[in-house]
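Asks: From the sequence below, what's the structure:
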Amino acid sequence: MTGTFGGALEARQIPAGEGFLSSETTGEIETESNVLVVRRIHVDYRLRLKPEQRETAERAHGMHHNACPVYRTISGCVDITTSLSMEDDEGLRTED
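Replies: Got it, this is the predicted structure:
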């Protein structure tokens, strides 16, 4: 999912390479008939960006899951959620 979100950001001229976008994923597992089953996955994205890019990043975050193969494959049987924490970086410049 991080790759899909990163691609959505890059398409909107928001840098998502190393040092800009990172994520941490956690899963919740339950036992069902003595078998471990993944029930929930949460992806916490962290993004450094220019302050004026916040709204665009929030829009991309709100829709990226629809284009993600992983989400589309397992979302029917695993609850998948995401969150986005943004850190303003006033020193960032857009490359011309």
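Asks: does His64 really touch Met1, like I thought?
Replies: Yes. Counting by C-beta atoms under 8 Å, His64 touches Met1, with 7.4 Å between them. (C-beta placed from N, C-alpha, C; glycine too.)
Asks: Now do the contacts for the residue lying closest to Gln53 once chain neighbours are set aside.
Replies: Using C-beta to C-beta, 6 or more residues apart in numbering and skipping the chain neighbours, the partner closest in space to Gln53 is Ile14 (5.1 Å). Neighbouring residues of Ile14 by C-beta atoms under 8 Å, 6 or more residues apart in numbering: 20, 47, 49, 53, 56-57, 60.
Asks: Please enumerate the helices of this protein.
Replies: 2-11, 54-63, 69-74 (DSSP state H).
Asks: nearest to Val43, of the ones you listed?
Replies: Minimum separation from Val43 across the helices of the chain (C-beta to C-beta) falls at helix 2-11, 6.9 Å.
Asks: Any stretches of the chain with poor pLDDT?
Replies: Within the chain, the stretches with pLDDT under 70 are 90-96.
Asks: Which strand in this protein has the most residues?
Replies: strand 35-49 (DSSP state E).
Asks: What strands line up against it, and which way round?
Replies: strand 21-32 (antiparallel), strand 79-88 (parallel) (DSSP bridges).
Asks: contacting residues around that strand?
Replies: Contacts for strand 35-49 (C-beta under 8 Å, 6+ apart): 1-2, 5, 9, 14-16, 19-31, 57, 61, 78-89, 92.
Asks: Just the buried ones from the residues you listed, in ChimeraX syntax?
Replies: This is the ChimeraX syntax for the buried subset of the contacts of strand 35-49, where burial follows 16 or more other C-beta atoms under 10 Å:
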select :1,2,5,9,14,15,16,20,21,23,57,61,78,80,82,84,86,89
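Asks: Would you reformat the helices of the chain as TSV and include distance to Ile41?
Replies: What follows is the helices of the chain, written out as TSV (distance: least, C-beta to C-beta, whole Å):
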stretch	distance to Ile41
helix 2-11	12
helix 54-63	16
helix 69-74	8
